[in-house]
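Kindly generate the corresponding structure for this input.
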Amino acid sequence: MIFDHSSKTFRNEIYPAYKAQRPEPPEDLRPQFPLTRDATRAFNIACIETEGYEADDIIAAMACAARNAGGTATIISSDKDLMQLIGDGVDMLDPIKNKLIGPDEVFE
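The predicted structure follows:
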């Protein structure tokens, strides 16, 4: 499971206004973030987060590394931004729609 580490990333150093207009998460959602991490660890699922990087950055790096090593990767997310990674060796499973997305589905 890959998590965002904090709200500041290397992009904020390059462009201080990066995501400045994005609203804060709803008040009732905020306490769920650490609970999600705790529950993930309780099920003995590895948690990966790196200071200065968004989860998307880590997902992209890991998917590309797997593909470049001759392996495959399946990204489990409903974040359409990650579709740009789909191609040879990388597909995506949208857990909301329970749909596997490959290169052909990206163009739909």
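
what residues does the biggest helix by length in the chain touch?
Taking DSSP state H as the criterion, the chain has its longest helix at helix 55-68. For helix 55-68, contacts defined as C-beta atoms under 8 Å, 6 or more residues apart in numbering pick out 2-4, 9, 48-50, 72-73, 75, 77, 79, 81-82, 85, 87-90. For glycine as for every other residue, the C-beta is placed from the backbone atoms N, C-alpha and C.

And these, which of them are buried?
2, 9, 50, 73, 75, 77, 82, 85, 89-90 (16 or more other C-beta atoms under 10 Å).

Can you show me the helices along this structure?
Counting by DSSP H, the helices of the chain are 10-14, 32-42, 55-68, 103-106.

list the buried ones in the longest helix of the chain?
Of the residues in helix 55-68, 55-60, 63, 67 count as buried by neighbour count, 16+ other C-beta under 10 Å.

Same check on stretch 42-52?
In stretch 42-52, counting by 16+ other C-beta under 10 Å, buried: T50.

Distance from the longest helix of the chain to the middle of the chain?
10 Å (C-alpha atoms, centre = their mean, to the nearest Å).

For it, list the C-alpha coordinates in PDB.
Extracted in PDB, the C-alpha atoms of helix 55-68 (Å, rounded to 0.1, in the frame of the first residue of the first chain):
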ATOM      1  CA  ALA A  55       2.000   8.300  -3.700                       C
ATOM      2  CA  ASP A  56       1.600   8.700  -7.500                       C
ATOM      3  CA  ASP A  57       5.300   9.400  -7.800                       C
ATOM      4  CA  ILE A  58       6.200   6.200  -5.900                       C
ATOM      5  CA  ILE A  59       3.600   4.200  -7.900                       C
ATOM      6  CA  ALA A  60       5.000   5.400 -11.200                       C
ATOM      7  CA  ALA A  61       8.600   4.700 -10.200                       C
ATOM      8  CA  MET A  62       7.700   1.100  -9.000                       C
ATOM      9  CA  ALA A  63       5.600   0.300 -12.100                       C
ATOM     10  CA  CYS A  64       8.300   1.500 -14.400                       C
ATOM     11  CA  ALA A  65      11.000  -0.300 -12.500                       C
ATOM     12  CA  ALA A  66       9.000  -3.600 -12.800                       C
ATOM     13  CA  ARG A  67       8.400  -3.100 -16.500                       C
ATOM     14  CA  ASN A  68      12.000  -2.200 -17.200                       C
END
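
I'm done for today, thanks for sticking with me.
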